[in-house]
Each structure stands twice: as C-alpha cells, then as structure tokens.
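Asks: structure for the following, please:
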Amino acid sequence: HLERLRLVDGEPMVLESSHLPLALFPGLDVADFGRRSLYDILREDYGRAVAEAQETIEPVMLTPHESGLLGVARHVPAVLTRRITTDTRGRIVELGQALLRGDRSSYLLIRRVSELPVQGSRLPQRVADPTPAPAARSPLDPPTRHTPVTEASVASSAAEPSKPRRMIHS
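Replies: A predicted model of the protein is given here:
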C-alpha cells in the first residue's frame, strides 16, 4: 500500500493511495517517488509497462482527517478518482484512488472517435450505421441513428432490466 500527498508549489493538492501486488514489486516501498513517477519505476525497475487505466470520477465530501492532510476546512467537497491500472499483458498492477481538492480541481475531457477498433480495447466496438452522415459533421460528433421513442419501445426497455457492469474483466 502506497500513500502519497502531492504538492503544487508547496501546497497540498492530491491525496493518492495505490494498492500494488508486492509480490510483483519487491522493494517498491523504498523507491524515491520524489524523483521518479510510479509508472516509470514499474516500467524501468520491474519491467511492467502500464498500458491502460480505467478511472471513475465522483464528487465526495472530505473526512476531517483528509481535510487536515489537504489543508482545507472540514467537510469540504473534493473529487475522488478510482483507478484500475493494467500492464501490457492485461494484468492488474495497481488499484488506486486519488482525492483532489474540490476548490482547486478541474478536468479537461477529450473524446476522440475512431472508425478503426483499438486492438486490445475493452470497450465495445462501434456498430456501422448505414445512414449517411451529414457532410458538415465534426469528427468529435460521430453520426448516430435516431430512433423515435414510442410507447412500445419504452415498455420493451422497461421489461428488460439492464445488467450491472463489471469493472474488472477476466
């Protein structure tokens, strides 16, 4: 278990916690994270290159302990990210979470659309749409098929409950 308090210009910004299988990374607890990143150490010292990290992002309220570590008032909102990181062989190398100060956090999310499947991706492949796309479409706004909502389609979708999604695939 690795816990780090990340600073920006001497000010606490992120409280990060990583769970790594110590059997794969003996001696990791004495690594110098002030000079090298965790992922650089995993790649260079242990031969485990990180290939993918799946993250969730959610708003949370800090506990008094977390507030103290981050140097903010008690029960201040924060952003919690939870991460599952895999190496190039698809093995899980890290389960992590990070608490980011809500008063100093922002995210830029970029969505790119590719017509070609990404090899090794765990995401479902895109189904081709036979409807021609308008000529002035943005590449970040892919064509979609619009299906009118009717009482029959609502009844059909209500009769089929959705299956829960699993975060870890075996």
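
Asks: just the helices in this structure please.
Replies: 38-46, 64-70, 151-159 (DSSP state H).

Asks: tell me what the first one is packed against?
Replies: Read it as helix 38-46. When contacts are defined as 3 or more C-beta pairs under 8 Å, 6 or more residues apart in numbering; DSSP states H and E, helix 38-46 sits against strand 50-61. The way it works is simple: take the backbone N, C-alpha and C, and place the C-beta from them, glycine included.

Asks: okay, angle between the strand it packs on and helix 38-46 too, please.
Replies: 150 degrees (axes from the mean of the first three to the mean of the last three C-alpha atoms, to 10 degrees).

Asks: in strand 50-61, what's buried?
Replies: Residues residue 50 are the ones in strand 50-61 that count as buried (16 or more other C-beta atoms under 10 Å).

Asks: which strands border it, and is each parallel or antiparallel?
Replies: strand 77-87 (antiparallel) (DSSP bridges).

Asks: tell me, how many neighbours does the residue nearest to residue 56 when sequence neighbours are not counted end up with?
Replies: Closest residue to residue 56 apart from its sequence neighbours, by C-beta to C-beta, 6 or more residues apart in numbering: residue 82 at 4.9 Å. For residue 82, the count of nearby residues is 15 (other C-beta atoms under 10 Å).

Asks: and the end-to-end length of stretch 80-99?
Replies: Stretch 80-99 has its terminal residues 5 Å apart, counting by C-alpha to C-alpha, to the nearest Å.

Asks: ok, and what's touching it?
Replies: 14-21, 24, 38, 42, 48-60, 62, 66, 70, 78-79, 100, 120, 167-168 (C-beta atoms under 8 Å, 6 or more residues apart in numbering).

Asks: give me that answer again for 6 Å
Replies: 14-20, 48-58, 60, 66, 78 (C-beta atoms under 6 Å, 6 or more residues apart in numbering).

Asks: tell me the buried residues in it?
Replies: Quick answer for stretch 80-99 (16+ other C-beta under 10 Å): 80, 81, 84, 85, 86, 87, 93, 94, 95, 96, 98, 99.

Asks: give the rounded mean pLDDT of it.
Replies: Stretch 80-99 shows a mean pLDDT of 94.

Asks: residue ranges with poor pLDDT in this structure?
Replies: 114-170 (pLDDT under 70).

Asks: what about residue 62, how many neighbours?
Replies: 22.

Asks: pull the contacting residues for it.
Replies: Taking C-beta under 6 Å, 6+ apart, one finds 76, 78 in contact with residue 62.
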